[in-house]
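Undergrad: just coords:
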């Protein structure tokens, strides 16, 4: 059974998700750890629970979601996996970020319908662009949950006024990729609290007219 540990890291309060199951194999989604204390918190949890880190995934490459990528690469030898559509953005983002970080280029690129496996867990990749050109979501059908990055939040959607953002593209991504999931699917966003697909269909002011 999938276990989900949530860390809220850096001044932008990014949800960093550490996923693991009974095999002790683990995956990180959006490592935002930026301070020594945050990095120690993450590595301490991994060590104390005997986890074997297998994957580092990014929903997108805005600076707040990738601040800990270099730490994971340096300490666990894992390069991030993300969509190539955000790579050019990362180059410019790293120069203007209010928090200094060293970008780590992808070990592999991820695309629509790819599958990511660790232990007994499989995540399916959805391309949910609009917040950024390469935004991805990761869905576990077996565990009834989806990690949406900054595409879909509790009663909100991601902003589209940043580099490469596109409002109509984001709405289409949400409508065609996320709202088609079962209503009880738990939505784990890049910031703030979780929700469900049904709750977003009924109450999200951006989506009620869809």
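TA: In hand now; what should we look at? Because the structure is predicted, anything quoted here is derived from the model rather than measured. Numbers count the residues shown, from 1 in each chain.
Undergrad: helices and strands of the protein: which one has the lowest mean pLDDT?
TA: Least confident helix or strand, the chain: helix 87-96 with a mean of 78, by mean pLDDT, DSSP states H and E.
Undergrad: other SSEs contacting that helix?
TA: Judged by 3 or more CB pairs under 8 Å, 6 or more residues apart in numbering; DSSP states H and E, the packing partners of helix 87-96 are helix 63-66. No exception for glycine: its C-beta is placed from N, CA and C like everyone else's.
Undergrad: neighbouring contacts of the very next helix or strand once past the helix it packs on?
TA: Counting by DSSP states H and E, the next helix or strand C-terminal to helix 63-66 is helix 69-76. Residues from elsewhere that reach helix 69-76 (CB atoms under 8 Å, 6 or more residues apart in numbering): 28, 31, 33, 39, 42-43, 53, 56, 58, 78-80, 101-104.
Undergrad: check which residues of the least confident helix or strand of the chain are buried.
TA: 87, 89, 90, 93 (16 or more other CB atoms under 10 Å).
Undergrad: against residue 106, how distant is residue 82?
TA: From residue 82 across to residue 106, the span is 6 Å (CB to CB, to the nearest Å).
Undergrad: with neighbour numbers in mind, choose between the two.
TA: Shown here are residue 82 and residue 106; by other CB atoms under 10 Å, residue 82 has more neighbours (28 against 19).
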